[in-house]
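Asker: could you look at this predicted model? Sequence included:
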Amino acid sequence: MKKALLLLYLLFCTLVLGAQSIHVLFETGKGNIKVMLYDETPKHRDMFLKAVKKGVYKNAEFNRVIKDFVSQGGELDDTILNREKRHPELGVKRFPAELKPTLFHKKGALGAGRDDNPDKSSYFSQIYLVAGKVQTDAQLDAAEKKKNRKIPAAQREVYKTIGGIPYLDQDYTIFGEIVEGMEVADAINSVAANKDDVPLTPVIFNVKVIRK
């Protein structure tokens, strides 16, 4: 039964992958990562594309790398928050969340970073790639209890076979996923970092649109 659920989910994902309209390429010194942007989160998709066009992700860095958790790129929280403190006249700008129950923090998912704001709104200039770990039933049960939310059976199977970070679901907007180059993402997530999770050797990346 569990294998059947997983096969049905993977078939559904295959159909969804073909339906998405835009892919982007993360070019890094460790190789390229092809990412599909979800049409189910059109506002975040378009916000990210605007940031790419403006050069936000030109010679950007994966500047916070936590092994088996996430590889975060773009601007750091401190950079954003300190700029807002220095320029209160500009106000605090966040992007409204697009939380979808079908989009979750499986390994390879692309998410939008944010601070601890109650609306779960996203930064305009920070993203992350989910690494995560393979989960056990006990860990998933604990995540359900902590979140007071039932994890759908098909998603449980993905977490148990592919991995991810279930306790982040519905708290951060997921707006894409890796379709090629997972081994590159794994290599980036495995780089040596200091106590603040900053890579000892900068991991530079550029993003470009490769298909519409």
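Answerer: Sure thing, it's come through.

Asker: does the residue lying farthest from the centre of the chain count as helix, strand or coil?
Answerer: Among the C-alpha atoms of the chain, the one most distant from their mean position (CA atoms, centre = their mean) is that of residue 89, at 30.6 Å. Going by DSSP: H, G, I helix; E, B strand; the rest coil, the secondary structure assigned to residue 89 is helix.

Asker: the nearest residue to residue 123 once chain neighbours are set aside: how many residues sit nearby?
Answerer: Take residue 123 and drop its neighbours on the chain: the residue closest to it by CB to CB, 6 or more residues apart in numbering is residue 113, 5.1 Å away. (C-beta placed from N, C-alpha, C; glycine too.) Residue 113 is surrounded by 22 other residues when neighbours are defined as other CB atoms under 10 Å.

Asker: repeat for residue 150
Answerer: Around residue 150 there are 9 other residues, counting by other CB under 10 Å.

Asker: then the one 3 residues further on?
Answerer: Taking other CB under 10 Å as the criterion, the count of residues near residue 153 is 13.

Asker: ditto for residue 152
Answerer: Using other CB under 10 Å, residue 152 is surrounded by 14 other residues.

Asker: that one and residue 63, how far apart?
Answerer: Between residue 152 and residue 63 the computed distance is 33 Å (CB to CB, to the nearest Å).

Asker: so residue 40 belongs to a helix, correct?
Answerer: No. Looking at residue 40 with three-state DSSP, it is coil, so not inside a helix.

Asker: and the nearest residue to it once chain neighbours are set aside, what is it in contact with?
Answerer: With CB to CB, 6+ apart as the criterion, residue 40 has its nearest non-adjacent residue at 5.6 Å, and that residue is residue 100. Taking CB atoms under 8 Å, 6 or more residues apart in numbering as the definition of contact, the neighbours of residue 100 are 40-41, 174.
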